[in-house]
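Chemist: build me a model:
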Amino acid sequence: MAHSLYDSTIVMAKGALTSLDRIITQAEKHENSATFFTSRLTEDMNPLPFQVHYATFSAQAVAAALAGHDYEEPEEDLDSYEKMHARINEAIEELDKADKESVNSDSETITTFYFHERKMEVPVKSVVCLKNMPNVYFHVSMAYAILRKEGVPLGKRDWSRGFVTGYV
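Modeler: Model (predicted):
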């Protein structure tokens, strides 16, 4: 079976969010978990809740783009672990709705994409692979890095396990 756009986007976004959910679960168990809502890598970077917010928003944008519709950015209101888990699960549910056949057959559909206020008409596969998916990976990685910096005992397996869950 050939690797497809669905595999590169929907499957990988679900893997990243599954990892994010596990990472957040580990953070909850930490003795300093209440302090992580303001934690950031450096002063000029966004804190943990934003990383979860933008990772999930980017994943939901993948599902929406591949389904041929827009997705409004949700409110930035992740002020509890419960809300973080709920947002992650909501994003995974959106990804689960994606139809593999449709995703793969509609990948060349032209969509409007804005880059620094410049409007472009590009294939949907370009938007999801060159903008949305890198954002999913980046913000999940930043959540991981913030929590590692704060002393949460995370390892590479915590990051990668979500990608192989369906295989092992």
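
Chemist: buried residues in the worst-scoring helix or strand of the chain on mean pLDDT?
Modeler: Ranked by mean pLDDT, DSSP states H and E, the helix or strand of the chain with the weakest confidence is strand 110-115, at a mean of 79. For strand 110-115, burial by neighbour count (16 or more other Cβ atoms under 10 Å) applies to 111, 113. No exception for glycine: its C-beta is placed from N, CA and C like everyone else's.

Chemist: could you list the residues in contact with it?
Modeler: 65, 68, 119-124, 126-127, 131 (Cβ atoms under 8 Å, 6 or more residues apart in numbering).

Chemist: before we move on, what about stretch 126-140?
Modeler: For stretch 126-140, the surrounding residues in contact (Cβ under 8 Å, 6+ apart) are 5, 8-9, 12-13, 16-17, 19-20, 23, 51-52, 54-55, 58-59, 61-62, 65-66, 111, 113, 115, 159.

Chemist: let's see 7 Å
Modeler: For stretch 126-140, the surrounding residues in contact (Cβ atoms under 7 Å, 6 or more residues apart in numbering) are 8-9, 12-13, 16, 19-20, 51, 54-55, 58-59, 61-62, 65-66, 111, 113.

Chemist: how about S58, what does it touch?
Modeler: Here S58 is in contact with 132, 135-136, 139 (Cβ under 7 Å, 6+ apart).

Chemist: what about 6 Å?
Modeler: S58 is in contact with 132, 135-136, counting by Cβ atoms under 6 Å, 6 or more residues apart in numbering.

Chemist: so which of the residues you listed belong to strands?
Modeler: Judged by DSSP state E, the subset of those located in strands is empty.

Chemist: dump those residues to a markdown table, plus distance to I88 and neighbour count.
Modeler: Output for these, formatted as a markdown table (distance: Cβ to Cβ, whole Å; neighbours: other Cβ atoms under 10 Å):
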| residue | distance to I88 | neighbour count |
| --- | --- | --- |
| N132 | 16 | 23 |
| N135 | 15 | 16 |
| V136 | 12 | 28 |
